[in-house]
Structure formats: C-alpha cells, structure tokens
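K.L.:
sequence-free structure coming up:
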C-alpha cells in the first residue's frame with residue numbers, strides 16, 4: 001500500500017520538472033555569429049524562444065555593431081535559411097504464425113512476416129541576418 005504523502009511528493013516533483021522544462025523552452029533565445037569579416041560585415045543567426053526573442057535580436061544587433069565598430073550596420077537581408085535536414089524512419093514488422101493440426105496429416109506451421117517502413121524528411125531552419133558595415 002502506497003502512502004498518500006509519497007504520492008503527493010511525487011506529484012510535486014513532476015510538476016516542478018514540467019515547470020522547469022516549460023520555462024526553459026519558452027526562454028531559449030540566443031544569437032550567434034555564423035560568419036564575420038572584421039569591419040566588413042557577416043551573418044548572425046537567431047534562435048528565438050517565445051518570451052525572449054527581443055533579447056536575441058538585441059544580442060544580434062550587439063554582435064553586428066561590435067564587428068562594424070564606428071561604421072553603420074546595414075541589413076542586406078534576413079529570413080529563414082535551411083541549415084540541415086532531419087529524417088525520421090518508422091518500421092513496423094508483423095509476424096503471424098498459424099499451426100495446422102489434422103488427424104490425417106502431420107502438423108505444420110505457416111509463418112508470414114510483413115514489414116512496412118515509412119520515412120519523413122524535413123528541413124531544419126534558422127533565422128539569419130546578413131549585414132554589411134558602411
């Protein structure tokens with residue numbers, strides 16, 4: 001027999017873990033330098049979380065301004081860029097065995113195996129800003 005206090009403690013632990021996971025997913029927002037030519041320009045990538053996207057944009061602006069120094073930052077283009085792909089493969093295998101017993105024949109077993117496989121490939125994208133220093 002399980003105690004009620006043990007059940008409550010376990011539920012609290014689960015709720016705390018779900019809260020931490022949700023908070024970290026919502027707050028994940030970063031900027032990173034993809035490429036850079038000092039004083040000339042480059043490309044910055046943003047990974048935006050739901051709550052912190054403005055902070056990621058500010059971080060990207062800081063990277064660009066630091067690279068350009070006293071020059072002005074000019075945004076050449078920005079948008080989603082494909083940076084890779086991911087593929088999920090699912091396979092289902094069914095094995096059916098049927099035994100035939102008859103008083104006139106020896107017993108035998110029929111086995112059939114069927115396999116179905118599906119795959120799904122999708123692009124992995126990120127938001128990138130290409131800029132020049134003028």
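P.N.:
Cool, got the structure. Bear in mind the structure is a predicted one, so any value in this text is a computation, not a measurement.
K.L.:
report the rounded mean pLDDT for the longest strand belonging to the chain.
P.N.:
Counting residues, the longest strand found in the chain (DSSP state E) is strand 73-100. The predicted model gives strand 73-100 an average pLDDT of 90.
K.L.:
could you point out the helix or strand that follows it?
P.N.:
strand 108-133 (DSSP states H and E).
K.L.:
just the angle between that following strand and strand 73-100, please?
P.N.:
180 degrees (axes from the mean of the first three to the mean of the last three C-alpha atoms, to 10 degrees).
K.L.:
and strand 108-133, what's buried?
P.N.:
Under the neighbour-count criterion of 16 or more other C-beta atoms under 10 Å, strand 108-133 has 127, 128, 129, 130, 131, 132, 133 buried. Backbone N, C-alpha and C define where each C-beta goes, glycine included.
K.L.:
for the residue lying closest to residue 113 once chain neighbours are set aside, give me its contacts.
P.N.:
If the residues on either side of it in the chain are set aside, residue 113 comes closest to residue 95, at 5.2 Å by C-beta to C-beta, 6 or more residues apart in numbering. Taking C-beta atoms under 8 Å, 6 or more residues apart in numbering, we find residue 95 in contact with 111, 112, 113.
K.L.:
and residue 118, by the same measure?
P.N.:
89, 90, 91.
K.L.:
over to residue 128?
P.N.:
34, 43, 44, 45, 46, 78, 79, 80, 81.
K.L.:
is the first one in a helix, a strand, or coil?
P.N.:
Three-state assignment for residue 34 (DSSP: H, G, I helix; E, B strand; the rest coil): strand.
K.L.:
and the residue lying closest to residue 71 once chain neighbours are set aside, what does it touch?
P.N.:
The shortest distance from residue 71 to any non-neighbouring residue, by C-beta to C-beta, 6+ apart, is to residue 133 (4.0 Å). Contacts for residue 133 (C-beta under 8 Å, 6+ apart) come out as 39, 40, 41, 67, 68, 69, 71, 72, 73, 74.
K.L.:
and residue 133, how far is that from residue 99?
P.N.:
For residue 133, the distance to residue 99 equals 78 Å [C-beta to C-beta, to the nearest Å].
K.L.:
with residue 118 instead?
P.N.:
For residue 118, the distance to residue 99 - C-beta to C-beta - is 32 Å.
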